[in-house]
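return a 3D structure for these sequence lines:
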Amino acid sequence: MSPAPARSVVRQFFDGVALLGRGLKMWGSDPRLMLFGALPALIVATVYLAALVVLFINAPALAQWATPFADEWQEGWRTALRITAIIAFVALGALLVVYTYTAITLAIGDPFYEKIWRSVENRLGGIQNEVETAMWPSLFRGILDALRILLVTALIGVGLFALGFIPVVGQSVVPVLGAGVAGWFLALELTGRAFDARGHTLRERRRALGAVRPTALGFGIASYLVFLIPFGAVFVMPAAVAGGTVLARLALDDGESSA
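Numbers count the residues shown, from 1 in each chain. From the prediction side, this is the model:
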């Protein structure tokens, strides 16, 4: 029998999108997990929404502060530049909020999301040769990995912020790049627990997800776009944890199967 043809990049991408829906189905099958999983996400979302409102209100003043050289320009050019700057500030804020939201929510809701992760793992056959680590070393490693991911995200975010000042490019190419960057780092963050339980480092996590990059991006970008919906992350965050667990098993070829 001839081997099945390889799936196209587009189909792999949408396989990743489907993982978020699959995670929602798996999480939604347990009403108690639905309630507990939404609670930490709701608390963090409320705080972040207030921060975004403050950013949006102050964006015009920030744009004027960042572009003093345009004070002597003709009004049309000055207005165009500062509108571009406003969009860039808001886009950068949204990018940073989406990433830090995931990290902070996972930290605050650790007991809740561990139950969701464990439930998905058990449903899909459990973990072979699970690595048991003490609480403090595990916590330190998780914080260190999160800071490393955040540093790279911040550096890329600064670059995208600078590109956002370029007319047309800043309003077309940059949002697409931003979604791709945010999606990739969301996939890295949401699969962390599953990789850690198997003793894999952050570098090994990146390598494994890189081998299924279109699927990882599909999952991450879908999560990112839903997170942009006001309070969308409250309902989707637990599903993203479940979907990220399935993605990790797929990337590691660890007996991922239907559930």
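
let me know the pLDDT of residue 108.
Residue 108 is assigned 79 on the pLDDT scale.

so it touches residue 42, yeah?
No - using C-beta atoms under 8 Å, residue 108 makes no contact with residue 42, being 10.7 Å away. For the C-beta atoms, the positions are set from N, CA and C on the backbone; glycine is no exception.

which helix or which strand is home to residue 235?
Applying DSSP states H and E as the criterion places residue 235 in helix 232-252.

sorry, slip of the keys, the one I care about is residue 230.
Residue 230 is part of no helix or strand when elements are defined by DSSP H and E.

what about it, neighbour count?
Neighbours of residue 230 under the rule other C-beta atoms under 10 Å: 9.

nearest residue to it in space, please, no chain neighbours.
Excluding its sequence neighbours, the residue lying closest to residue 230 (C-beta to C-beta, 6 or more residues apart in numbering) is residue 49, at 6.8 Å.

show me what counts as buried in the helix or strand where the one you found lies.
Assigned by DSSP H and E, residue 49 belongs to helix 31-66. For helix 31-66, the neighbour count (16 or more other C-beta atoms under 10 Å) marks 33-34, 36-38, 40-42, 44-45, 48, 55, 59, 62-63, 66 as buried.

which among those residues gets closest to residue 191?
Of all the buried residues of helix 31-66, residue 191 sits closest to residue 37, with 17.0 Å by C-beta to C-beta.

residue contacts, the closest one?
Going by C-beta atoms under 8 Å, 6 or more residues apart in numbering, residue 37 touches 27, 109, 112, 113, 116, 237, 238, 241.

pull the CA atoms of the helix or strand containing residue 189 into CSV?
Using DSSP H and E, residue 189 sits within helix 169-190. Extracted in CSV, the C-alpha atoms of helix 169-190 (Å, rounded to 0.1, in the frame of the first residue of the first chain):
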residue,chain,number,x,y,z
VAL,A,169,3.0,48.7,5.7
GLY,A,170,2.2,49.6,9.3
GLN,A,171,-1.5,49.0,8.8
SER,A,172,-1.3,45.9,6.6
VAL,A,173,1.9,43.9,6.9
VAL,A,174,2.6,44.6,10.6
PRO,A,175,-0.8,43.3,11.9
VAL,A,176,-0.2,40.1,10.0
LEU,A,177,3.3,39.7,11.3
GLY,A,178,2.1,40.5,14.8
ALA,A,179,-0.5,37.8,14.6
GLY,A,180,2.1,35.3,13.4
VAL,A,181,4.5,36.2,16.2
ALA,A,182,1.9,36.2,18.9
GLY,A,183,0.5,32.9,17.6
TRP,A,184,3.9,31.2,17.7
PHE,A,185,4.6,32.3,21.2
LEU,A,186,1.1,31.4,22.4
ALA,A,187,1.7,27.9,21.0
LEU,A,188,5.0,27.7,22.9
GLU,A,189,3.5,28.9,26.1
LEU,A,190,0.3,26.7,26.0
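
on contacts alone, who are the packing partners of the following helix or strand past that helix?
Using DSSP H and E, the next helix or strand after helix 169-190 towards the C-terminus is helix 192-197. In this structure, helix 192-197 packs against helix 110-123, helix 135-163, helix 202-211, helix 232-252, with contacts taken as 3 or more C-beta pairs under 8 Å, 6 or more residues apart in numbering; DSSP states H and E.

at 6 Å what do you get?
Contacts defined by 3 or more C-beta pairs under 6 Å, 6 or more residues apart in numbering; DSSP states H and E place helix 192-197 against helix 232-252.

give the rounded mean pLDDT of the helix it packs on.
Taken as a whole, helix 232-252 has a mean pLDDT of 89.
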